[in-house]
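Peer 1: Requesting a structural model of the entry that follows:
(chains A and B)
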Amino acid sequence: GENVEQHPSTLSVQEGDSAVIKCTYSDSASNYFPWYKQELGKGPQLIIDIRSNVGEKKDQRIAVTLNKTAKHFSLHITETQPEDSAVYFCAASMGSGYSTLTFGKGTMLLVSP
Amino acid sequence: NAGVTQTPKFQVLKTGQSMTLQCAQDMNHEYMSWYRQDPGMGLRLIHYSVGAGITDQGEVPNGYNVSRSTTEDFPLRLLSAAPSQTSVYFCASSTGYNTEAFFGQGTRLTVV
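Peer 2: Numbers count the residues shown, from 1 in each chain, chains lettered A, B, ... in the order given. Down below sits the predicted model:
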């Protein structure tokens, strides 16, 4: 089955800095790559996703890049703010009817004022 | 619009007891899933369903049972609780594969 590795496990930045979280996946058939943000005591929430026919996608301060040849994708957060502090999960999924999401182990991001 | 509702939010069980974690969604989503979240392990899929009457196993199904009799509800049953099942459980729903999954607030289960 699919295996998703996520790094780093923790990331501390100063407010205003950029943060980058990287993930690799093992199954070349995967074609959907979402990122979820989980705040303390809450369920994960989708922040951005990318499909295999796109190399990069941006949404305000958040961007995701995908390199299918190398089988890795990354989350980029610019101009970080304290409210960006949370656990971030990457995931991968194949595009078949019964496909399921395989999640990375998560990155705890701490943005200090 | 309630989204995905999980009950209870907290539960303490004794080893060997059984219980059902409830999950309901009001978005008419076909896909529903159960995950467990353990420190340093991320989210691991327990069971999932692609529609009423259809369920399948995920990565860690042992000790859990599910059924899907309606589109709205997807309960997770612990048959005989073990300390290894101490975890935070999340239910999620989506319109289909490769679409946004909406998660509930979670159930924190402790087995003593």
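
Peer 1: Residue B:73: what's it in contact with?
Peer 2: Applying Cβ atoms under 8 Å, 6 or more residues apart in numbering or on different chains to residue B:73 gives the contacts B:22, B:23, B:24. The C-beta positions use only the backbone N, C-alpha and C, and glycine is treated the same way.

Peer 1: beta partners for it?
Peer 2: Per DSSP bridges, the residues bridged to residue B:73 are residue B:24.

Peer 1: How much space separates it from residue A:23?
Peer 2: 33 Å (Cβ to Cβ, to the nearest Å).

Peer 1: which one is whichever residue of chain B sits closest to chain A nearest to, not counting chain neighbours?
Peer 2: Residue of chain B nearest chain A, by Cβ to the nearest Cβ: residue B:103 (3.2 Å). Setting aside the residues directly before and after it, residue B:103 is nearest to residue A:43 in space (Cβ to Cβ, 6 or more residues apart in numbering or on different chains), at 3.2 Å.

Peer 1: What is the neighbour count of the one you found?
Peer 2: 23 (other Cβ atoms under 10 Å in any protein chain shown).

Peer 1: from what I can see it touches residue B:89, true?
Peer 2: No: applying Cβ atoms under 8 Å as the test, residue A:43 and residue B:89 come out as separate, 10.4 Å apart.

Peer 1: any residues in contact with both of those two?
Peer 2: Common contacts of residue A:43 and residue B:89, defined by Cβ under 8 Å, 6+ apart, comprise residue B:106.

Peer 1: how about the residues of chain A near chain B?
Peer 2: Neighbours of chain B within chain A, by Cβ under 8 Å from any Cβ of the partner chain: A:1, A:6, A:9, A:31-32, A:34, A:36, A:41-46, A:49, A:51, A:89, A:93, A:95-106.

Peer 1: and those residues, which are buried?
Peer 2: A:6, A:31-32, A:34, A:36, A:43-44, A:46, A:49, A:89, A:93, A:99-106 (16 or more other Cβ atoms under 10 Å in any protein chain shown).

Peer 1: And the residue nearest the centre of chain B?
Peer 2: Of all residues in chain B, the one closest to the mean position by Cα atoms, centre = their mean is residue B:34, 3.1 Å from it.

Peer 1: List the contacts of the residue of chain B closest to chain A.
Peer 2: Residues in contact with residue B:103 (Cβ under 8 Å, 6+ apart) are A:36, A:43, A:44, A:45, B:4, B:90, B:91, B:92.

Peer 1: related to what we said a few turns ago, touching, the residue nearest to the centre of chain B and residue B:76? I think so.
Peer 2: Yes: contact criterion Cβ under 8 Å: residue B:34 and residue B:76 qualify, at 4.9 Å.

Peer 1: Could you list the low-pLDDT ranges of the chain?
Peer 2: I'll assume chain A. A:95-98 (pLDDT under 70).

Peer 1: wrong one, I was asking about chain B
Peer 2: In the predicted model of chain B, residues B:1 satisfy pLDDT under 70.
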